[in-house]
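[1] Here is a sequence with its predicted model. Questions after.
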Amino acid sequence: MALVVVAEDNLDHQRVIAEVVRRLGHDVFVVDDGEQALEAVHRRGPALLIADVDMPRLNGLDLCAAVRNETPVVLITAFLLPGDPRLTASGAVGVVGKPFSVPALSEALRGHLTALRPPPDWRAMFDAVLDCLDTGVIAFDAGGRMLLVNRAMREALGLGESGTPLSAVGRQVGVRQADGSPLPEECWPVTVALRGEHVDQVGLLANDPQGRVLCYTVNARPVRDANGEIVAAVSAAHDVTDRHRTQQYEECKNKVLEALAADPDSPGTGDRILAAIGTTMGWTYLRLWLVDEVTDLLRPAAEYAAAGEHPPPLPSSFARGQGLAGQCWKSGELIWVPDILAPGAPVLPQIVQNAAYRSAGAVPVRSGDRVIGAITFCSRTRQDPDPALGVLLTAIAAVTGTFLEHRRAEILSRHLAAATDEYMALAGHELRTPLTSIGSYIDLIAETPDDAPFGEVRELFEVVHRNSARLRELIDKLLDVAALESGHIPLAAEPVDLAEVVREAMRAAPADRGIAVETARLDPVSVPGDRERLRQVVDALLSNAIKFSPPGSAVTVSLADQELTAVLTVADTGAGIPAAEQAKLFRRLHRGGNARHTGIPGSGLGLALCRVVVERHRGTIALTSHESTGTIVTVRLPQ
């Protein structure tokens, strides 16, 4: 339905024309002369003007010329005949001559009126404009009730119907400052605008219905009535989440590089890397898992927990394919778990039940083509897969893996250089000592008169014999260790009852100075390997413990079955080993100062042989010692 203005000074004709327009389904506004018609056009904006040519105060031709760029005109004329050039030049869209009949007038006007469209519904147009905007728009009345929200804001934050209180909207979306800190309601942009102030370019964070964090730049303005009173406030929020994430990822990369550069040799480097990721990404918990080559399990190597955060109840290790870390290790691919509560999520049940986390993920740590570990992360907010973040995490994990391998290689290189120098010095010392005795006593024998009785030189021969035997034993052990290290001596690979090996070694241990050999624990454990070589290890550890124990003390042996690993410990209560010497004890020919200077016999090859045999069985051997409590040697072997 459109509005039509009828300008006709003849009242009878005026009524007929108005009735025809009404019957055609449109509204009519009637005036008596040209000036009234011009005013009606300006004030009412009709869709069509029907005007008589011959009217007082302003004729139809002049009226048509005045409004034809604003409103289409149909002229009614008895003064000029249809076809008159002045009618054609007027710009009218149609001409109806008088006299006319109602059917003829209806037919003449129908075509023009059918083409008319009703004036726009400005409210509908306003709503359409708002819904076309990518920027979120929301308005509240002076009482803090939501008046309107456009499509962008409604879909992003899940806002509902009009009338919701401002405080409820704020709680629903979790309004806070750009750094994540709380923002009081009196500081919200709309609240500030309701006080009459303007707000420009304020950074805010909010949560969508899935718990994802969105970043906005917000403007707000008060709305005043004709008297200047504030009746509402409107706020526009521009989504800058992508830009914020790009900056966040760049900051994360820089902090990781700073952590790597700060102190590369520090054992806390892994913790610093995880802290750099966690603090910049807002993740509450991260853990670095590395493959334990002895057990072929993932074990924790570094950890980060946000302030006040309790670590989740994770197991001490993961097998390949077990849990999030194990699956990442097995697949070698980045894993995202946007919702750990979703059915089939690869997260351990105890994590779901005991930790208030929403999302989790894992990224493999590589060294070349090998996966040597995984970094797992947990977040209290939803973390959907993000290709850019995936690339960043993969790069960080790769750098971490390269760094760990490089640091390991550097440490091994330094140890090798130091061990080589020390080995040359020790080998020279251990070989020269018996050779000196042999050579000097042979010289004494050579200088003895030919007619001297043999009894006078027997002791000299015994010294030569004793040192020759020591030299031969030393060389044999050196060759044995070297051959084992190089792999030239093959080892058997059959099931070995390690508990029985320990029992046999304990029975054969020398009873010396009243030292007792006791068992704290002896689990039935079987390991694959070479029985004779493993017996050598147990014998050597027991022999060392007994040698360094004080009279009347005890040596304690324990064998435990722990997570597919056999753990053997031999503990004594001797004088212990200085901390500076402990790292060197597994090197060939190295003997502690307390052994060299107190006359305790030995070759310095027992622990070196133990280390080589254990490593050939894919195990580890470690020593802890305190000068006040004694020494504990721990051997871990895979089952």
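    Here it is on my side, so go on.

[2] after the helix or strand where Asn254 lies comes which helix or strand?
    Using DSSP states H and E, Asn254 sits in helix 241-262. Per DSSP H and E, the first helix or strand lying C-terminal to helix 241-262 is helix 269-281.

[3] And the next helix or strand after that next one, what does it pack against?
    Downstream of helix 269-281, the next assigned helix or strand under DSSP H and E is strand 285-292. Judged by 3 or more Cβ pairs under 8 Å, 6 or more residues apart in numbering; DSSP states H and E, strand 285-292 is in contact with helix 269-281, strand 297-305, helix 323-331, strand 370-379. Glycine gets a C-beta too; all of them are placed from N, C-alpha and C.

[4] Any chance of CSV for those, columns mean pLDDT?
    Shown next, in CSV, are those (pLDDT from 0 to 100):
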stretch, mean pLDDT
helix 269-281, 89
strand 297-305, 90
helix 323-331, 92
strand 370-379, 90
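
[5] Ranking these by mean neighbour count, which comes first?
    strand 370-379 (a mean of 24; mean count of other Cβ atoms under 10 Å).

[6] neighbouring contacts of the helix holding Asn254?
    Defining contact as Cβ atoms under 8 Å, 6 or more residues apart in numbering, one finds that helix 241-262 is touched by 213-215, 269, 272-273, 275-277, 279-281, 386, 388-389, 392, 395-396, 399, 403.

[7] mind running it again at 6 Å?
    Contact partners of helix 241-262, identified using Cβ atoms under 6 Å, 6 or more residues apart in numbering, comprise Leu214, Cys215, Arg272, Ile273, Ala276, Ile277, Thr280, Leu392, Ile396, Phe403.

[8] cool, and stretch 222-234?
    Here stretch 222-234 has contacts from Ala139, Phe140, Asp141, Ala142, Val190, Ala193, Leu194, Gly196, Arg221, using Cβ under 6 Å, 6+ apart.

[9] which of those lies closest to Arg507?
    Val190 (85.1 Å; Cβ to Cβ).

[10] burial count for the closest one?
    25 (other Cβ atoms under 10 Å).

[11] avg pLDDT for the strand or helix carrying it?
    In this assignment (DSSP H and E), Val190 forms part of helix 189-194. Per-region confidence: helix 189-194 scores 95 on mean pLDDT.

[12] Tell me the helices and strands packed up against the helix or strand that that helix is followed by.
    Proceeding N to C from helix 189-194, the next assigned helix or strand is strand 199-207, under DSSP H and E. The contact analysis (3 or more Cβ pairs under 6 Å, 6 or more residues apart in numbering; DSSP states H and E) places strand 199-207 against helix 189-194, strand 213-224.

[13] mind checking how far the shortest one is from the chain centre?
    When you say that, I think you mean helix 189-194. Distance of helix 189-194 from the chain centroid (Cα atoms, centre = their mean, to the nearest Å) equals 35 Å.

[14] can you check stretch 451-463 too?
    With Cα atoms, centre = their mean, you get 80 Å for stretch 451-463.

[15] How about residues contacting that stretch?
    Ser437, Tyr441, Leu444, Ile445, Thr448.

[16] Give the single residue among these positioned nearest to Ile351.
    Closest approach between those and Ile351, by Cβ to Cβ: Ser437, at 66.7 Å.

[17] before we move on, back to that, now the helix holding Asn254 and strand 213-224, what's the angle there?
    For helix 241-262 against strand 213-224, the angle by axes from the mean of the first three to the mean of the last three Cα atoms, to 10 degrees is 130 degrees.

[18] Can you give me the buried ones in helix 241-262?
    Thr241, His244, Arg245, Gln248, Tyr249, Cys252, Lys253, Lys255, Val256, Ala259, Leu260 (16 or more other Cβ atoms under 10 Å).

[19] now, among these, which is nearest to Ala360?
    Out of the buried residues of helix 241-262, the member with the shortest distance to Ala360 (by Cβ to Cβ) is Cys252, at 17.7 Å.

[20] Quick check, Arg212 in contact with Gln383.
    No - contact criterion Cβ atoms under 6 Å: Arg212 and Gln383 do not qualify, at 7.7 Å.

[21] So which of those two has more stuff around it?
    Counted by other Cβ under 10 Å, Arg212 and Gln383 do not tie: Gln383 has more neighbours, with 25 against 17.

[22] Correct me if wrong, but that one is in a strand.
    No - Gln383: not assigned to a strand; according to DSSP: H, G, I helix; E, B strand; the rest coil it is coil.

[23] Distance-wise, check it relative to Pro349.
    20 Å (Cβ to Cβ, to the nearest Å).

[24] thinking again about what came up before, out of the helices and strands packed on strand 285-292, which gets nearest to Pro495?
    Nearest of the helices and strands packed on strand 285-292 (Cβ to Cβ): strand 297-305, 20.6 Å.

[25] contacting residues around that closest one?
    Contacts of strand 297-305 (Cβ under 6 Å, 6+ apart): 270-271, 274-275, 278, 285-290, 292, 311, 317-319, 325, 329.

[26] Give me the average confidence score over stretch 498-513.
    Mean per-residue pLDDT for stretch 498-513: 87.

[27] pull the CA atoms of it into PDB?
    The C-alpha coordinates for stretch 498-513 follow below in PDB (Å, rounded to 0.1, in the frame of the first residue of the first chain):
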ATOM      1  CA  LEU A 498      67.700 -62.200  37.500                       C
ATOM      2  CA  ALA A 499      66.600 -63.100  41.000                       C
ATOM      3  CA  GLU A 500      68.400 -66.400  40.800                       C
ATOM      4  CA  VAL A 501      71.600 -64.600  39.500                       C
ATOM      5  CA  VAL A 502      71.400 -62.300  42.500                       C
ATOM      6  CA  ARG A 503      71.000 -65.100  44.900                       C
ATOM      7  CA  GLU A 504      74.000 -67.000  43.500                       C
ATOM      8  CA  ALA A 505      76.200 -63.900  43.600                       C
ATOM      9  CA  MET A 506      75.200 -63.200  47.200                       C
ATOM     10  CA  ARG A 507      76.100 -66.800  48.200                       C
ATOM     11  CA  ALA A 508      79.500 -66.400  46.500                       C
ATOM     12  CA  ALA A 509      80.200 -63.000  48.000                       C
ATOM     13  CA  PRO A 510      83.400 -63.100  50.200                       C
ATOM     14  CA  ALA A 511      82.800 -63.200  53.900                       C
ATOM     15  CA  ASP A 512      85.200 -60.400  54.900                       C
ATOM     16  CA  ARG A 513      85.500 -58.500  58.100                       C
END
